[in-house]
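> predicted model and sequence follow; I will ask about them next.
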Amino acid sequence: MTTAKILLVDDKEANLVALEAALRPLEQELVAARSGEEALRCLLHDDFAVILLDVQMPGMDGFETAAQIKERERSREIPIIFLTAISREMHNQLRGYEVGAVDYIAKPFDPWVLRSKVAVFVDLYDKTHRLEAQATRLAQSNAELEQFAEIVSHDLRNPLVSVVGYLQMLVDDHDDLPDEATEFIQRALQAAESMGKLIDDLLGYAMAGRTVGQLRATDTGQAVDRAVSNLHAEIERAGATVKTGALPTVRADSSQLTRLFQNVIGNSVKYRHSDRPLEVAVDAERDGDHWRFAVTDHGPGVAPEEAGAMFDRFYRGASATGRPGTGLGLAICKKVVEGHGGRIWAEPADGGGTVVRFTLPADVSKAQN
Ligand SMILES: Nc1ncnc2c1ncn2[C@@H]1O[C@H](COP(=O)(O)OP(=O)(O)OP(=O)(O)O)[C@@H](O)[C@H]1O
Ligand SMILES: [Mg+2]
């Protein structure tokens, strides 16, 4: 525990001595001020856990001093304990303060009661400081991690581009290569391509939580259209159709929303039965203060024990065998949905297949347009 400062304000020396004696066992730093003015000066440059303030003082009295303390940004949050002979009039004056901002102790005070009250505030001060320090450390390490991901992705991508470039030149410029060599080169190109995707997905994953501050009223129908257009080649190849119901406007980061639909619809297309036509349905219904979305397919479905794990990073299920992917798609979706204040999960679809459901807050009014 760090040592906190406690400010004792009383014009009478004997009272200060009594306060110091009562509080010494707390082993905190006690600072004495002999007037309201002196107290205000102390508060200019130091931070205190709590202020003990005598009400009856010549010149600026305790209430006036408190009013000035509460007016200043720097000292506004410091709790005050008034030391006073309590009267009806005093009661009324104390009522003017917000609950928790002030407390009082009747004079003559019981040292044990005084010490316990002050100890509570010292404890609160200590916890608040620890939390603040923790929040700062967290924000710092998050920022560092994101920066790290960006640098790593960038620096991995550059050499990969030259690997692909040289391999491509080998294939394009040398038609006299033995068949085996051409096949090896093709395999190397495929590996380079999946490494490129992994780098993109890792970067996508690192960035996916950064939605706050960019939330705007976003038409989810348009986000689905963009996702479908990005998946055009795969959808065409699969001979799949994507059917959308009436979709709402939500408060969201529009590119993250597109990515979310793209990953989920992309999975339905990738993990399909090859012997039947595929239809993917995208619907939404209102559920209290959220919209609940559903992306339904009639593919091989997921086993109940897979339904939770598939949102984990790098998880690849039974259906993934022989199909390209990094297992980051749904982990990115989870980050995006949770970053928007929603939830995502999967269920078996009626008649076989998978439904991926997620919620997004319905209140568009807070959106920054
Ligand atoms: N619609 C679906 N039908 C059946 N299985 C699915 C479906 N969606 C996801 N899965 C299973 O969940 C796993 C995780 O999916 P996720 O999208 O996170 O990764 P991926 O598709 O394997 O790779 P990536 O999306 O990173 O290219 C998949 O490997 C697959 O086994
Ligand atoms: Mg996927």
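Great, that's in hand. Ligands and ions are numbered 1, 2, ... in the order given.
> what residues does this protein have near ligand 2?
267, 329 (Cβ under 5 Å from the ion). Bear in mind the C-beta positions are built from the backbone N, C-alpha and C, glycine included.
> if you set the cut-off to 6 Å instead, what comes out?
Within the chain, the positions lying close to ligand 2 (Cβ under 6 Å from the ion) are 263, 266-267, 325, 329.
> stretch 306-315 vs ligand 1: in contact?
Yes. Interface with ligand 1: stretch 306-315 contributes 310, 315 (Cβ under 6 Å from any ligand atom).
> point out where this structure drops to low pLDDT.
Applying pLDDT under 70 to the chain flags residues 1, 86, 88, 92, 95-101, 209-214, 366-369.
> domains in it, by residue range?
Following automatic domain parsing, one gets these domains for the chain: 5-109, 140-207, 216-361.
> any chance of these in JSON lines, plus mean neighbour count?
Output for the domains of the chain, formatted as JSON lines (neighbours: other Cβ atoms under 10 Å):
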{"stretch": "domain 5-109", "mean neighbour count": "16"}
{"stretch": "domain 140-207", "mean neighbour count": "13"}
{"stretch": "domain 216-361", "mean neighbour count": "18"}
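> coming back round to it: the residues of the chain next to ligand 2 in helices, which ones?
Using DSSP state H, the members of the residues of the chain next to ligand 2 that fall in helices are 263, 266-267, 329.
> among these, which ones lie close to ligand 1?
Near ligand 1, judged by Cβ under 6 Å from any ligand atom, the entries from these are 263, 267, 329.
> tell me the one of those nearest Glu338?
Nearest to Glu338, judged by Cβ to Cβ, of these is Asn263 at 14.4 Å.
> now do the closest one against Ser254, distance only.
Distance, Asn263 to Ser254, by Cβ to Cβ, to the nearest Å: 15 Å.
> the ones next to ligand 1 among the ones in helices among the residues of the chain next to ligand 2 into JSON lines, with extra columns for distance to Arg313?
As requested, these are exported to JSON lines (distance: Cβ to Cβ, whole Å):
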{"residue": "Asn263", "distance to Arg313": "13"}
{"residue": "Asn267", "distance to Arg313": "15"}
{"residue": "Gly329", "distance to Arg313": "10"}
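> tell me the one of the residues you listed nearest ligand 2?
Gly329 (2.9 Å; Cβ to the ion).
> pretty sure the closest one sits against Val269.
No. Counting by Cβ atoms under 8 Å, Val269 is not a contact partner of Gly329; they are 11.8 Å apart.
> where does the residue of the stretch 1-150 of the chain found nearest ligand 2 fall, secondary structure wise?
Residue nearest to ligand 2 within the stretch 1-150 of the chain: Ala149 (19.3 Å; Cβ to the ion). Secondary structure assigned from DSSP states H and E places Ala149 in helix 111-173.
> and stretch 350-369, is it in reach of ligand 1?
Yes. Contact of stretch 350-369 with ligand 1 (Cβ under 6 Å from any ligand atom) involves Thr354.
> just the ones next to ligand 1 among the ones in helices among the residues of the chain next to ligand 2 now: which is nearest Pro277?
When these are compared against Pro277 (criterion: Cβ to Cβ), the nearest one is Asn267, at 17.3 Å.
> tell me who's in contact with that closest one.
Contacts for Asn267 (Cβ atoms under 8 Å, 6 or more residues apart in numbering) come out as 329-330, 354, 356.
> can we see that at 6 Å?
Contacts here follow Cβ atoms under 6 Å, 6 or more residues apart in numbering; on that basis Asn267 touches nothing.
> next up, phi/psi of whichever residue of the stretch 51-200 of the chain sits closest to ligand 2, please.
Nearest residue of the stretch 51-200 of the chain to ligand 2, counting by Cβ to the ion: Lys197, 10.4 Å away. Torsion angles at Lys197 (phi, psi; degrees, to the nearest 10) stand at phi -70, psi -40.
> and the gap between the residue nearest to it when sequence neighbours are not counted and Leu198?
Using Cβ to Cβ, 6 or more residues apart in numbering and skipping the chain neighbours, the partner closest in space to Lys197 is Thr326 (6.2 Å). Look at Thr326 and Leu198: by Cβ to Cβ, they are 5 Å apart.
> and if you look at Gly317?
Going from Gly317 to Leu198 by Cβ to Cβ gives 18 Å.
> Gln190 too?
Applying Cβ to Cβ to Gln190 and Leu198 gives a distance of 13 Å.
> Asp123 too?
48 Å.
> same question for Asp11.
72 Å.
> one more: Ala18?
Distance from Ala18 to Leu198, by Cβ to Cβ: 70 Å.
> check His290 too.
33 Å.
> can you pull out the strands in this protein?
5-9, 29-33, 50-54, 80-84, 102-106, 216-219, 241-244, 249-252, 279-287, 290-296, 344-348, 354-361 (DSSP state E).
> how about those strands in TSV, adding distance to Val163?
Converted to TSV, the strands of the chain look like this (distance: least, Cβ to Cβ, whole Å):
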stretch	distance to Val163
strand 5-9	61
strand 29-33	63
strand 50-54	64
strand 80-84	68
strand 102-106	69
strand 216-219	38
strand 241-244	35
strand 249-252	37
strand 279-287	35
strand 290-296	36
strand 344-348	36
strand 354-361	35
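> contact residues of the stretch 151-300 of the chain facing ligand 1?
Counting by Cβ under 6 Å from any ligand atom, the residues of the stretch 151-300 of the chain near ligand 1 are 201, 263, 267-268, 271, 297, 299-300.
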